[in-house]
Each structure stands twice: as C-alpha cells, then as structure tokens.
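K.L.:
build me a model from this:
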Amino acid sequence: MQARKIGAAAATAVALLAARDLVQKKHALLRNFPVLGHARYLLETIGPELRQYIVTSNEEERPFSRDQRTWIYASAKEENNYFGFGTEVDVEHVQGHAYLKQRTFAGKLPDAHDPKAPLPSAKVLGGPRGRAKAFRPASVVNISAMSFGSLSGAAIGALNKGAAEAGAMHNTGEGGLSPHHRQGGDLVLQIGTAYFGCRDEDGSFNLDKLKEVVAGAPVRAIEIKLSQGAKPGLGGMLPGAKVTPEIAKIRGIPAGKDCASPSRHTAFHDVDSMLDFVELVATETGLPVGIKSAVGEMAFWQELAALMARGDRGVDFVTVDGGEGGTGAAPRMFADSVSLPFRMGFSRVYGTFAELGLTDELTFIGSGKLGLPENAAVAFALGADMINVAREAMLSIGCIQAQKCHTDKCPTGIATQNPWLARGLDPASKSTRAAVYLRALRKELIKVSSAVGVAHPALITPDDIEILNGDYEARTLSAVYGYKEGWGALGPDLASEITALVTDSAH
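P.N.:
From the prediction side, this is the model:
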C-alpha cells in the first residue's frame with residue numbers, strides 16, 4: 001500500500017511537471033520534450049564534473065589538467081608526487097612544450113632533496129632605491145593577491161598561516177587587510193583602484209589611513225594594482241549580498257550595498273604622476289613599493305622605463321600577470337581575449353627594461369599559472385626573480401576546480417562568503433597543506449636548477465630551455481622571444497652573491 005502511494009505521488013509530480021513544461025514559453029526544449037528535456041540541463045550543470053572524472057584525459061582538462069592537480073594535491077599532502085611508467089605528453093609533437101637542457105657537470109650545488117632547503121630571492125627588494133625597510137624575501141615562491149571577499153575568511157586564514165609556516169609572503173589582494181590576514185605570515189599590501197582600507201568616504205585615497213594599516217600589521221611591501229590577468233582594464237563588482245558587515249568595515253564601505261571598483265586609479269593619471277605617488281608612499285612608509293599589471297599596449301612600459309632610467313624615481317618591483325590568470329571572476333571575453341599570456345607579456349616588459357640596462361635595478365615577479373615546476377622554470381629563465389601562486393595555492397587547500405568561484409557556491413568553502421560552505425574548511429589542517437605545497441614547489445625548483453647546473457632558479461637562462469616549434473624542431477627561449485645576449489640573466493655581482501648564499505647555507 002505504501003509503495004503504491006509513493007508511486008502515485010511520483011506519477012502525479014511527473015504529470016504536473018510535464019503540464020508545466022508544455023504550457024511554459026521560456027524554454028523551447030522543454031515544450032517539445034517535457035520532463036525529458038530537464039536531463040539536458042542537468043548534464044549541462046554537472047558538465048565540469050563529468051569532464052573532470054570521466055571524459056577528459058590526464059592532460060586535456062583546463063585550466064589545470066588532472067595530472068597538474070594530482071601533483072599539487074600529492075605535494076600538499078606530503079604524498080609521493082612522482083609519476084611512473086613515463087610521460088603521457090607526446091614529446092615530439094606538442095607545440096610550445098618546454099624542454100630544459102641538463103648539464104653533465106656543475107660546481108657546488110645545494111641539496112636537491114632537502115624539503116626545507118632555503119630558496120631566497122636573488123635580489124634585495126627595495127635595495128637599489130635605498131628604501132628604509134628594504135629586505136631580501138626569504139622565498140622565491142609567494143602567495144598571490146586574492147582578497148577577503150573573493151575568498152572566505154577561513155581560506156585567507158589558512159593561506160596566511162601556511163605562508164608563515166613556509167617562510168613565504170602573502171599578498172592581501174585589493175580588498176584590504178583583514179583579521180584573517182593576521183595569522184603570522186608576512187604581507188604584501190595591495191592597493192587597488194578603490195583604495196579599500198585606505199580611503200575616504202568618497203573613495204579617494206587617504207595616506208594617513210594607509211600608514212595606520214601598515215603600522216598595525218606585518219606589511220613588508222606595498223603593491224599598486226593597475227590591472228590583473230583575469231579582467232585587465234575592467235573594474236570589479238562585489239554584489240551587496242556579499243558585502244557583509246565584516247567586509248564593509250575592512251574595506252571602508254557601506255554594508256549590504258553593491259561595491260564597485262573603478263577600472264583606473266584616481267590618485268594618479270599617467271606614468272609621471274604614478275611615479276610621484278610611488279615615491280610618496282615609499283617615503284611615508286619606508287617600504288618597497290611596486291606595481292602589478294597585465295600586459296597590453298607597450299607605451300606605458302616604455303615610458304616607465306625611460307623615466308626610471310633618469311634614476312631619481314622608480315618602482316621597486318614589477319609584478320607581471322598573465323592573461324591566463326583566473327582567480328577573479330570575469331566576462332568570458334576578458335578571460336579569453338584581453339591582455340597577453342604570461343610568457344609573451346613578461347618577455348616584452350623585461351625586454352623594455354633590459355634595453356636600458358635596468359633589469360638589475362628592480363625585482364621582477366611573475367604570476368599566471370606559475371605554481372607548476374615547468375612553468376615556473378620558464379618564468380625564471382625569462383628573467384623573473386620571484387613568482388606568485390594563486391589558483392595552485394587554492395588547490396593546495398582543497399579547491400577541486402568546480403569553477404563556481406563567481407556564484408558564491410564554492411563546494412569546498414574557499415571562494416565563498418556562505419557561512420555554511422566556509423565552515424567545511426578547517427584552517428588549521430589546510431594551512432599545513434599550503435605550507436607543504438610551497439616547500440615542495442621550492443624543492444622542485446632546486447632540483448630543476450641543479451639539473452641545469454646552477455644553484456638557484458634565477459640563474460637559469462633563456463638558452464637553457466627550448467620550446468618545441470613544430471614536429472622535431474625546437475628553438476631556445478632567447479630565439480622565441482627575441483632576447484639579446486645576456487638578457488634573462490642576473491648581473492655578475494648578483495649571480496655570485498646568490499650562488500654563495502644558497503650554497504653556503506646548504507653546506
């Protein structure tokens with residue numbers, strides 16, 4: 001009897017659904033195929049999950065393939081991150097694939113298998129310009145800009161504590177400095193176009209508020225965000241539903257109301273006034289000050305390099321973000337087709353400063369899928385001194401690439417402000433995974449450097465890597481990106497200094 005009742009109720013529900021589908025006019029598919037048409041929408045909804053686990057091969061999926069995610073997960077959990085039985089890559093035919101050329105003989109090198117081996121920056125951040133609080137970053141791998149608001153408080157806390165455990169730095173993102181950023185990790189404070197945390201009520205920049213924020217937290221450097229790879233040249237919008245009282249207080253905005261970030265800064269309007277702003281902030285705080293930008297037209301970079309060549313003003317570091325960056329939600333057009341991908345964009349920016357002999361005078365930081373050893377090695381060969389990792393750091397604390405970051409429905413509690421979802425993320429255990437991942441990537445970079453015969457990844461040159469260019473042909477990075485002799489390499493004094501630093505500490 002009970003079974004018949006359940007069956008009757010189910011049949012009635014299906015009949016009602018069919019009747020509704022037949023009379024509604026919004027979806028032609030459902031009018032033509034009542035009830036059955038819903039299967040299509042269900043499959044479309046779970047398409048990313050189906051592709052992850054059933055359809056794609058280990059190397060096909062994007063943004064990160066299954067093999068790439070597996071390496072990050074295994075590294076973060078201190079599991080075996082080796083792969084057996086050879087590569088799945090079609091090594092003679094994959095256009096654009098990078099190959100490092102190992103050396104048979106080399107001098108004294110660090111222990112490539114020490115998981116806690118130090119790997120500091122080859123350059124002193126702010127040193128060339130004599131900043132009062134110049135310093136040598138202890139890690140060449142650091143956590144990139146992801147704001148509290150885009151990520152949950154639990155995720156920010158886990159990343160910051162993980163950075164502290166690994167001796168790395170954590171970029172706050174443009175959303176301001178929150179209590180979740182105060183878990184022991186050194187910070188890079190990012191200032192965006194809305195000046196969150198250091199603004200007046202009308203949204204204009206307030207220097208006194210910036211100094212107050214810096215004085216009360218372990219801020220080691222300040223990064224002025226001009227644009228990001230996910231949506232360069234486009235402002236941001238945090239919907240009012242996500243503007244909680246906590247976020248509103250941190251950002252200095254009204255709670256519960258849509259929060260727009262302009263596409264461009266109001267504190268300066270060109271390269272000349274931007275450099276005045278940089279020098280003002282550096283003088284008032286004593287901190288190294290740099291800029292972050294995706295790469296589009298090159299006139300900006302050419303003017304910046306020309307003005308810095310005079311020697312009286314300049315940025316201390318440049319963070320180049322690739323157009324393939326993706327932690328920020330963006331229109332598909334911007335994600336796919338605005339700004340240059342990392343390798344192309346970085347090489348053009350580096351070359352602009354190299355032409356004027358300025359590359360030893362500032363620190364180059366790369367971001368945009370560089371949290372994988374092979375991508376990182378190419379970045380260092382092109383001239384990067386440090387790299388920032390974002391999505392890879394998210395993967396290390398449990399992200400499953402569900403691609404729901406823009407919906408506030410992240411199933412792992414990372415990219416959401418939903419309290420119920422965020423409670424699933426345990427900051428204590430996830431911080432350990434973040435730290436282990438950061439150390440594992442550094443160890444991998446030491447292994448790669450040793451294979452090439454150098455003591456530090458910043459000593460890998462563009463001639464040490466070749467890029468497959470059609471079947472059975474390859475060209476060096478220098479040839480692919482038009483590097484002149486000596487480009488991508490540290491000056492002799494810097495090279496000797498970092499070699500001695502890492503080899504002496506390893507022995």
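K.L.:
just the pLDDT for the residue nearest the centre of the chain.
P.N.:
The chain has A390 as the residue nearest its centroid, 3.3 Å off, counting by C-alpha atoms, centre = their mean. For A390, the pLDDT comes out at 93.
K.L.:
that one - nearest residue in space that isn't next to it in sequence?
P.N.:
S144 (3.8 Å; C-beta to C-beta, 6 or more residues apart in numbering). Where C-beta positions appear, they are placed from N, C-alpha and C, glycine not excepted.
K.L.:
check contacts around the one you found.
P.N.:
Contact analysis of S144 by C-beta atoms under 8 Å, 6 or more residues apart in numbering lists N171, T327, S367, N388, V389, A390, A393.
K.L.:
surely A132 is in a helix?
P.N.:
No: using DSSP: H, G, I helix; E, B strand; the rest coil, the assignment for A132 is coil, not a helix.
K.L.:
how about it, nearest residue that isn't a chain neighbour?
P.N.:
Using C-beta to C-beta, 6+ apart, the closest residue to A132 is G286 (3.5 Å).
K.L.:
relative to D316, how far out is the one you found?
P.N.:
12 Å (C-beta to C-beta, to the nearest Å).
K.L.:
ditto for K430
P.N.:
For K430 relative to D316 (C-beta to C-beta), the value is 32 Å.
K.L.:
picking that back up, pLDDT at the residue nearest to A390, what is it?
P.N.:
Listed pLDDT for S144 reads 96.
K.L.:
so how far is the first residue of stretch 95-110 from its last?
P.N.:
33 Å (C-alpha to C-alpha, to the nearest Å).
K.L.:
K430 contacts A158, doesn't it?
P.N.:
Yes: in this structure K430 lies within contact range of A158 using C-beta atoms under 8 Å: 3.9 Å.
K.L.:
so what sits against both of the two?
P.N.:
By C-beta under 8 Å, 6+ apart, the residues touching both K430 and A158 are I397.
K.L.:
anything in contact with each of G286 and D316?
P.N.:
R131.
K.L.:
out of those two, which sits in the more crowded spot?
P.N.:
More crowded of G286 and D316, by other C-beta atoms under 10 Å: D316, with 26 against 13.
K.L.:
list the contacts of the more buried one.
P.N.:
Here D316 is in contact with 125-126, 128-129, 131, 134, 221, 282, 288-290, 362-363 (C-beta under 8 Å, 6+ apart).
K.L.:
please apply the same query to T285.
P.N.:
Per C-beta under 8 Å, 6+ apart, neighbours of T285: K133, L210, K211, V214, I222.
K.L.:
which of those residues fall in helices?
P.N.:
Using DSSP state H, the members of the contacts of T285 that fall in helices are L210, K211, V214.
K.L.:
domain assignment for the protein?
P.N.:
2-71, 100-105+115-506 (automatic domain parsing).
K.L.:
weakest of the ones you listed by average pLDDT?
P.N.:
Among the domains of the chain, domain 2-71 scores lowest, at a mean of 72.
K.L.:
what's the spacing between G345 and A19?
P.N.:
Taking C-beta to C-beta, one finds G345 at 56 Å from A19.
K.L.:
neighbour count: these two, which is higher?
P.N.:
G345 (26 against 11).
K.L.:
hmm, S339 and that one touching each other?
P.N.:
Yes: judged on C-beta under 8 Å, G345 makes contact with S339 at a distance of 6.8 Å.
K.L.:
for the strand or helix carrying A495, packing partners?
P.N.:
If you go by DSSP states H and E, A495 is part of helix 492-506. If contacts are counted by 3 or more C-beta pairs under 8 Å, 6 or more residues apart in numbering; DSSP states H and E, helix 492-506 sits against no helix or strand.
K.L.:
and it, what's buried?
P.N.:
L494, A495, E497, I498, T499, L501, V502, A506 (16 or more other C-beta atoms under 10 Å).
K.L.:
residue contacts, the fifth one?
P.N.:
Put plainly, it is T499. Contacts of T499 (C-beta under 8 Å, 6+ apart): V454, A455, H456, L459.
K.L.:
switch to 10 Å and redo it
P.N.:
Taking C-beta atoms under 10 Å, 6 or more residues apart in numbering, we find T499 in contact with G107, K108, L109, P110, A122, V454, A455, H456, A458, L459, L490.
K.L.:
show me the strands in the stretch 251-400 of the chain, by range?
P.N.:
259-261, 289-294, 317-321, 363-367, 386-389 (DSSP state E, counting those that start in this stretch).
K.L.:
and the last one, how far from the chain's centre?
P.N.:
Taking the mean C-alpha point of strand 386-389 and that of its whole chain, the gap between them comes to 7 Å (C-alpha atoms, centre = their mean, to the nearest Å).
K.L.:
so in that sheet, which strands flank it, and in what orientation?
P.N.:
According to DSSP bridges, strand 386-389 forms sheet pairs with strand 141-143 (parallel), strand 363-367 (parallel).
K.L.:
next: the shortest one.
P.N.:
Strand 259-261 has its sheet partners listed here by DSSP bridges as strand 236-238 (antiparallel).
K.L.:
off-centre distance for the strand it pairs with?
P.N.:
19 Å.
K.L.:
could you check that strand and say which residues are buried?
P.N.:
In strand 236-238, counting by 16+ other C-beta under 10 Å, buried: G236, L238.
K.L.:
just stretch 267-284 next, same as before
P.N.:
Quick answer for stretch 267-284 (16+ other C-beta under 10 Å): A267, F268, V271, M274, L275, F277, V278, E279, V281, A282.
K.L.:
who are the neighbours in contact with the closest residue to the fourth one other than its chain neighbours?
P.N.:
When you say that, I think you mean M274. Closest residue to M274 apart from its sequence neighbours, by C-beta to C-beta, 6+ apart: F268 at 4.4 Å. By C-beta under 10 Å, 6+ apart, the contact list for F268 reads F205, I224, M274, L275, D276, F277, V278, L280.
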